[in-house]
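S.K.: Predicted model follows, preceded by the sequence.
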Amino acid sequence: MLRLFLLLSLFAASEAKASGCNETILSITDWSVRRADTSNVEISLRVQSLAAKQIRMVRSLAYFYDALDEPIGALPIGPDAIIPAGGEYLEHRVWSDHLFGRLLKLRKRDVKTATCVKAVLYEDGSKEEF
């Protein structure tokens, strides 16, 4: 059952990456990973907003790739992330080490990140979908 969940998660992440998204509104400026327990890792992301307005909600994914462009996994950012215009947001997630345990082994410089924003709701009530 866990394997099926992991396969569906990877498929959904790759499908989201293949469809329309904005890759420039948010960027990952830093990340860290540590072992949370025997079967999970805790991942922290520092996300920078490049939007001109404050974000009130966002539907977004953060992607991790190795230096050979092999996908490691994707994490959701938000949805209730409040990010000031030009400001930063910290995201903390605990995931199975089946997906992200590899991050514990790799050198940080051998890991690349990317973001995919599908939709954003700004503080003024305006909305963008990609």
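M.R.: Sure, I can see it. Numbers count the residues shown, from 1 in each chain.
S.K.: Let's verify the most centrally placed residue in the chain: helix, strand, or coil?
M.R.: For the chain, A62 is the residue whose C-alpha lies nearest the centre (C-alpha atoms, centre = their mean; 1.9 Å). Assigned by DSSP: H, G, I helix; E, B strand; the rest coil, the conformation of A62 is strand.
S.K.: what's the neighbour count on the spatially closest residue to it that is not a sequence neighbour?
M.R.: Closest residue in space to A62, ignoring its immediate chain neighbours: L75 at 4.9 Å, by C-beta to C-beta, 6 or more residues apart in numbering. No exception for glycine: its C-beta is placed from N, CA and C like everyone else's. Look at L75: counted by other C-beta atoms under 10 Å, it has 21 neighbours.
S.K.: Also C116?
M.R.: Neighbourhood size, C116 [other C-beta under 10 Å]: 23.
S.K.: picking up where we left off before, so how far is T38 from the residue nearest to the centre of the chain?
M.R.: Using C-beta to C-beta, to the nearest Å, one obtains 24 Å as the distance from A62 to T38.
S.K.: Likewise for A52?
M.R.: 44 Å.
S.K.: what do you get for A119?
M.R.: Using C-beta to C-beta, A119 is found at 36 Å from T38.
S.K.: Who has more neighbours out of the two?
M.R.: A119 (16 against 6).
S.K.: contacting residues for the more buried one?
M.R.: Shown in contact with A119 (C-beta atoms under 8 Å, 6 or more residues apart in numbering): 58-59, 127-130.
S.K.: again, only using 7 Å
M.R.: Contacts of A119 were listed using C-beta atoms under 7 Å, 6 or more residues apart in numbering, and they are 59, 127-130.
S.K.: end-to-end on stretch 120-130?
M.R.: Criterion C-alpha to C-alpha, to the nearest Å; first-to-last residue distance in stretch 120-130 is 9 Å.
S.K.: Can you mark which positions in it are buried?
M.R.: Within stretch 120-130, the residues scored as buried using 16 or more other C-beta atoms under 10 Å are 120-122.
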